[in-house]
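Chemist: no sequence on hand, only this structure:
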DNA sequence: CGGTAAGTTGAGATCGTTCAACTCCAGTGG
DNA sequence: CCACTGGAGTTGAACGATCTCAACTTACCG
């Protein structure tokens, strides 16, 4: 079994979430966020998981000395907040990079709901398993790829996720800043810019500010290095 | 809420596992591994989670191009294999670095057992949540710390885990090679050696091959950098 | 129409890697 | 019993990728 088969397959787990079917078994609340609003902040009491119905967010981990690490860019179909389970409080921020529509799943009520909806149990476990795999695929990418390969890997991940949701994989609109990308990839924003410029010069992509065109996905795969089959990413 | 409070607290989740109490609700198998034996390999069908009752292992993620990333060094009280949930097969290897005693928890049978043992449900979720937090704390460490700080951070994590199990935090016996440590920390083995030598020269630790003495844990905390409160590690 | 945040680009400094030599130790077989 | 062999660890020196610092451009907002 290859990672490509285990990590990439478009997260059937979370994407298959039929949130509406849960309503009879669990208090679900809908929330709308505007760009820049927080879904939660580090330190806030943990009382719900969040299912992203629409929009684009940035999640991060905040250390008590102020250092911040971007942990993901959840979008439609992703489950947010799992890393607070068992901690009592959120360990980082979740902020909307776009207008978002969120479904709140009260915790631990959602565990009880597993009895009424047996399939939910496996789905929750699988969603968390998938998140672990993504974190580890990212670790592998950070540990083994050069700056330019990481940026290519990142773009490819975004493209795949878009495609999985039915959008084109040939055009991206980056909702996050270069600083966010750099933080996510353990690079400085200047290095991200340089990598993007270089990929552009090589004709792999066409960058214009936050618009990115990807004429040939295979070339981007190649630019992501040996790790051609190593993953998408998210949550 | 600080990370130190959420990540470090000695994993009550997994440590609290009372595996024996599960026996009536779930087929549990005990397994014994000798040093060098595999608990599972990348690609093997996933059919159980593993609870480490004794011993020390190394888990890794294996990419199809052969690149390998060490993902953790599970020891007593840790739950292994969660990252395969939903994938069908293991995405990496788990190998014994020591004589190990393992309790196999059949999956998905263990989910069904949650009905008979309600507390198990929350414990499983919390164990996975804790694993997510550890992965992310590690990401933060790799992204923000220098080579020497990472090595100090790694040693501190081991010391804390030992202490949590009731052993001394002042003496470590590294079961893994420098190469493994380097892979885990995204460094080359020479760099790991240099960092250890330098910490030794500074009097923070005393290294002799795989034996490490830690006279003053606070000094090690300081050497782990700003991230003084950022985490232990595991699974 | 300033003012500010985000992005780009260059040049030099730095940290970790690379390549290489050497030591130490355990296991093996003469 | 001891020389041999190979893996693991250590250390040095030079190189190179990324960071740092700094200047400049562009776009957006009041």
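Modeler: Cool, got the structure. This is a predicted model, so every value here is computed, not measured.

Chemist: residue A:75 touches residue A:157, doesn't it?
Modeler: No: with contact defined as C-beta atoms under 8 Å, residue A:75 does not reach residue A:157; the gap is 11.2 Å. To be clear about C-beta, it is placed using only N, CA and C from the backbone, and glycine gets the same treatment.

Chemist: check whether the longest helix along chain A contacts DNA strand D.
Modeler: Criterion DSSP state H: the longest helix present in chain A is helix A:118-144. No: using C-beta under 7 Å from any atom of the strand, helix A:118-144 stays clear of DNA strand D, coming no nearer than 10.4 Å.

Chemist: and that helix with helix B:118-144, angle?
Modeler: 20 degrees (axes from the mean of the first three to the mean of the last three C-alpha atoms, to 10 degrees).

Chemist: how far out from the middle of the chain is helix A:118-144?
Modeler: Computed by C-alpha atoms, centre = their mean, to the nearest Å, the chain-centroid distance of helix A:118-144 equals 11 Å.

Chemist: what's the first helix or strand after it?
Modeler: helix A:147-164 (DSSP states H and E).

Chemist: show me what the very next helix or strand once past that following helix is packed up against.
Modeler: Scanning forward in sequence from helix A:147-164 by DSSP H and E, the next helix or strand is strand A:171-173. Under the contact definition 3 or more C-beta pairs under 8 Å, 6 or more residues apart in numbering or on different chains; DSSP states H and E, strand A:171-173 sits against helix A:147-164, strand A:211-213.

Chemist: close to chain B, is the helix or strand following strand A:171-173?
Modeler: The helix or strand immediately downstream of strand A:171-173 is helix A:178-185, counting by DSSP H and E. Yes: legend: contact between helix A:178-185 and chain B by C-beta under 8 Å from any C-beta of the partner chain is shown at residue A:183.

Chemist: show me which positions of the helix or strand following helix A:178-185 end up buried.
Modeler: Per DSSP H and E, helix A:178-185 leads on to helix A:189-201 as the next helix or strand towards the C-terminus. Under the neighbour-count criterion of 16 or more other C-beta atoms under 10 Å in any protein chain shown, helix A:189-201 has A:191, A:192, A:193, A:195, A:196, A:198, A:199 buried.

Chemist: select, from those, the two members most distant in space.
Modeler: A:191 and A:199 (12.5 Å; C-beta to C-beta).

Chemist: so where's chain A shaky on pLDDT?
Modeler: By pLDDT under 70, the weakly predicted segments of chain A are A:1-21, A:23, A:226-235.

Chemist: can you pull the domain assignment for it?
Modeler: A:3-130, A:146-223 (automatic domain parsing).

Chemist: just to revisit the earlier point, is it possible to export the helices and strands packed on strand A:171-173 to TSV including mean neighbour count and distance to residue A:175?
Modeler: TSV is the format used below for these (neighbours: other C-beta atoms under 10 Å in any protein chain shown; distance: least, C-beta to C-beta, whole Å):
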stretch	mean neighbour count	distance to residue A:175
helix A:147-164	22	10
strand A:211-213	15	11
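
Chemist: nearest to chain B, out of those?
Modeler: Closest approach to chain B among these (C-beta to the nearest C-beta): helix A:147-164, 11.5 Å.

Chemist: so how far is the closest one from its chain's centroid?
Modeler: On C-alpha atoms, centre = their mean, the centre of helix A:147-164 falls 11 Å from the chain's centre.

Chemist: right, is it up against DNA strand D?
Modeler: Yes: counting by C-beta under 7 Å from any atom of the strand, DNA strand D has neighbours in helix A:147-164: A:147, A:148.

Chemist: do stretch A:175-189 as well
Modeler: Yes: using C-beta under 7 Å from any atom of the strand, we find that stretch A:175-189 touches DNA strand D at A:186, A:187, A:188.

Chemist: CSV for the residues you listed, including distance to chain B and neighbour count?
Modeler: As requested, these are arranged in CSV below (distance: C-beta to the nearest C-beta, whole Å; neighbours: other C-beta atoms under 10 Å in any protein chain shown):
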residue, distance to chain B, neighbour count
A:186, 4, 21
A:187, 9, 22
A:188, 11, 14
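
Chemist: thanks again, I'm all set now.
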